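A.B. asks: coordinates only, sequence not included:
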Ligand SMILES: NC(=O)C1=CN([C@@H]2O[C@H](COP(=O)(O)OP(=O)(O)OC[C@H]3O[C@@H](n4cnc5c(N)ncnc54)[C@H](O)[C@@H]3O)[C@@H](O)[C@H]2O)[C@@H](O)CC1
Ligand SMILES: [K+]
């Protein structure tokens, strides 16, 4: 069953109000995406993985992925597309603060795309269901960098720039090899398999009762 983005936000909020906090949904989302990646590659040890992180909860999922991938022995670099003070949500902030205590993950901020290594894998955690309007900087430059770089690309929830409700694209958008979306498929995502690549919808622990009155 495919759901709307509005239904997803309502289910998320109801689950949160039941006590299954958004930070736990985020944890399960990031962990599920990492499992798909590890399954794909067999082993991510020593792989250069570059994670682009937006300022909302799509980025937060990327931050969770950074911690899990470090646990698998990957060489992880996080590029936060802004400054830590401007991270928008409590859950993302919490995950950033953990990474600050982890020298095994390299943290970069601001959005420069001048990297001194070639990534084997890029994780696109720039924009998810919160997208609106044309893509602004520094997100636009990050999306251009991703599209110009020849490596494996995983989209968190939806390729950034693709509207998960309508399937329409903004002025720029990423083209990925795999997309891992969460809880249930959103209506617009499967319309653009050319951008999503392999597509998975992963459960993230939200109680089914959180759907009551919504679906
Ligand atoms: N709904 C759920 O149940 C869950 C959602 N999660 C994640 O949370 C995401 C949604 O998080 P948010 O609601 O924080 O939204 P996003 O993280 O998708 O984006 C919101 C941020 O992007 C900025 N923005 C929006 N459009 C832009 C544009 N065109 N150019 C530049 N900046 C733009 C906004 O100012 C805002 O800061 C989902 O896609 C998913 O990845 C997960 O943590 C798991 C649970
Ligand atoms: K994304």
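C.D. replies: All right, it came through fine. Since the structure is predicted, the reported quantities are computational estimates derived from the model, not experimental observations. Ligands and ions are numbered 1, 2, ... in the order given.

A.B. asks: I would like the residues contacting the helix ranked longest in the chain, please.
C.D. replies: As assigned by DSSP state H, the longest helix anywhere in the chain is helix 22-41. The contact list for helix 22-41 (Cβ atoms under 8 Å, 6 or more residues apart in numbering) reads 12, 15-16, 44, 47, 57, 60-65, 67-69, 72, 89-92, 94-95, 121, 123, 152, 154, 156-157, 178, 180, 182, 200, 202-206. Every residue, glycine included, has its C-beta placed from N, CA and C.

A.B. asks: repeat for stretch 57-66
C.D. replies: Against stretch 57-66 from outside (Cβ under 8 Å, 6+ apart): 22, 26-27, 29-31, 33-34, 51-54, 76, 78, 80-81, 87-89, 91-92, 95-96, 99, 105, 123, 125-130, 156-157, 160, 182.

A.B. asks: Out of the residues you listed, list just those in strands.
C.D. replies: Judged by DSSP state E, strands contain the following of the contacts of stretch 57-66: 51-53, 76, 78, 80, 105, 123, 125, 156, 182.

A.B. asks: Would you write a ChimeraX line that selects the buried entries of the contacts of helix 22-41?
C.D. replies: With 16 or more other Cβ atoms under 10 Å as the criterion, this ChimeraX line picks the buried residues out of the contacts of helix 22-41:
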select :12,15,16,44,47,57,60,61,62,63,64,65,67,68,69,72,89,91,92,95,121,123,152,154,156,157,178,180,182,202,204,206
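
A.B. asks: Okay, and which of the contacts of helix 22-41 map to helices?
C.D. replies: Those of those lying in helices (DSSP H): 12, 15-16, 57, 60-65, 67-69, 90-92, 94-95.

A.B. asks: For the residue located most distally from the centre of the chain, which three-state class applies?
C.D. replies: Computed with Cα atoms, centre = their mean, the residue of the chain farthest from its C-alpha average is residue 213, at 27.8 Å. Following DSSP: H, G, I helix; E, B strand; the rest coil, we place residue 213 in the coil state.

A.B. asks: Excluding residues flanking it in the chain, which one is nearest residue 79?
C.D. replies: residue 108 (4.8 Å; Cβ to Cβ, 6 or more residues apart in numbering).

A.B. asks: Is it correct that that neighbour is in contact with residue 77?
C.D. replies: Yes - counting by Cβ atoms under 8 Å, residue 108 does reach residue 77; the two are 6.5 Å apart.

A.B. asks: Same drill for these two, tell me which one is more crowded.
C.D. replies: residue 77 (19 against 14; other Cβ atoms under 10 Å).

A.B. asks: The closest residue to the more buried one other than its chain neighbours: what's it in contact with?
C.D. replies: Spatial nearest neighbour of residue 77, excluding adjacent residues (Cβ to Cβ, 6+ apart): residue 106 at 4.4 Å. Applying Cβ under 8 Å, 6+ apart, we find residue 106 in contact with 75-78.

A.B. asks: Include pLDDT and distance to residue 186 when you put these into a markdown table, please.
C.D. replies: Putting the contacts of residue 106 into a markdown table (pLDDT from 0 to 100; distance: Cβ to Cβ, whole Å) gives the following:
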| residue | pLDDT | distance to residue 186 |
| --- | --- | --- |
| 75 | 98 | 32 |
| 76 | 98 | 27 |
| 77 | 98 | 29 |
| 78 | 98 | 25 |
